[in-house]
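**Q** quick one: sequence plus predicted model below, questions after.
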Amino acid sequence: MVAQLGMAAGLASTVGLALPGWLAIGLWTALGYALLQPHVDQLGPAGTITLTRAVLTGGVIGLVADELVVSARPPAVLLTTLAAVALVLDAVDGLVARHTRTESALGARFDMEVDAALILALSVAAIDEVGVWVVVIGSMRLAFLAASWVTPWMRGALPPSRGRKVVAAWQGVTLAAVVSQLLPGWPAVAGAALSLALLTWSFGRDIRWLYRRHQQYL
C-alpha cells in the first residue's frame, strides 16, 4: 500500500495526477489490500515480484483514468515504460516461482488478475489510436468473471496452459506498442484485431474445456 501511494505521489509531482487518477489508484490499492491481506504470508518470493507489477499497474491505471475523465493525456513514454517493466516482470515472477518451487494457486491467480487489470488499462489508453472497440480486449476477463457468477461450471480450475500465457503476453506487448505509437495507423488496428482474435480463441478454448468437464460429471 505504501509503495502504491508512493507511486501516485511520484506521478503527481512529475507529470501531474488529477482527482480521477488518485481515486483510481486508491480503489486499486484498497481492492488489492482487501483481497491479499489474509493471504500475504502465502505469496512467497514470486509474489513479491507480482506485487511490484501491481504497483506499476496501479500507476498505469491512474494515468489512464486521468486521460479518460479529464482528457489529461499522459506522456506516451512514461505510460509505455511503466507497462513495459510490468510486462517484463510478468516473465520473471513465473521463473522465480518455478526456481524456488513456490508455485501456488494463489500466486497464479494474483498474477492473472494483475495481467487482466494492466490489459484493461492499456486497452482504454489505446482508444485514440485504434477505436473504442479495442476495449473489448480488456473487458473480456471481466465478462468471463461475470458469466461465472451465473454459470457455476465456469468457476472450475483450468489446467496450466502455455498457449494461454503466450496469448496474455501478446495482448500486453501489442497494446503497449499501440499506446507508444510504435504501431501507427493501420498496423495498430491490425495488431489490435489480431490480439482480439487470439484472445477470443483462448477464452473459447477454456470455456469449451470447462463445459466438457462439467458434462462428464452430469
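**A** Arrived safely, thanks for sending.
**Q** nearest residue to Ser139 other than its sequence neighbours?
**A** Closest residue to Ser139 apart from its sequence neighbours, by Cβ to Cβ, 6 or more residues apart in numbering: Leu120 at 6.8 Å. Backbone N, C-alpha and C define where each C-beta goes, glycine included.
**Q** mind listing what's buried in the helix or strand hosting that neighbour?
**A** Here Leu120, judged by DSSP states H and E, is contained in helix 105-125. In terms of neighbour count (16 or more other Cβ atoms under 10 Å), helix 105-125 has its buried residues at 107-108, 110-125.
**Q** helices or strands next to the top helix by length along the chain in the packing?
**A** Looking across the chain with DSSP state H, the single longest helix is helix 185-216. Applying 3 or more Cβ pairs under 8 Å, 6 or more residues apart in numbering; DSSP states H and E, one finds that helix 185-216 contacts helix 127-130, helix 135-150, helix 162-179.
**Q** my read: Val136 touches Ala193, true?
**A** No - Val136 is not in contact with Ala193 according to Cβ atoms under 8 Å; the separation is 10.5 Å.
**Q** ok, now which ones touch Trp22?
**A** Contact partners of Trp22, counting by Cβ atoms under 8 Å, 6 or more residues apart in numbering, are Ala8, Ala12, Gly62.
**Q** any idea how far Trp209 is from it?
**A** To Trp209, Trp22 is 41 Å away according to Cβ to Cβ, to the nearest Å.
**Q** also Thr29?
**A** According to Cβ to Cβ, Thr29 and Trp209 sit 34 Å apart.
**Q** same question for Ala9.
**A** Ala9 is 44 Å from Trp209, by Cβ to Cβ.
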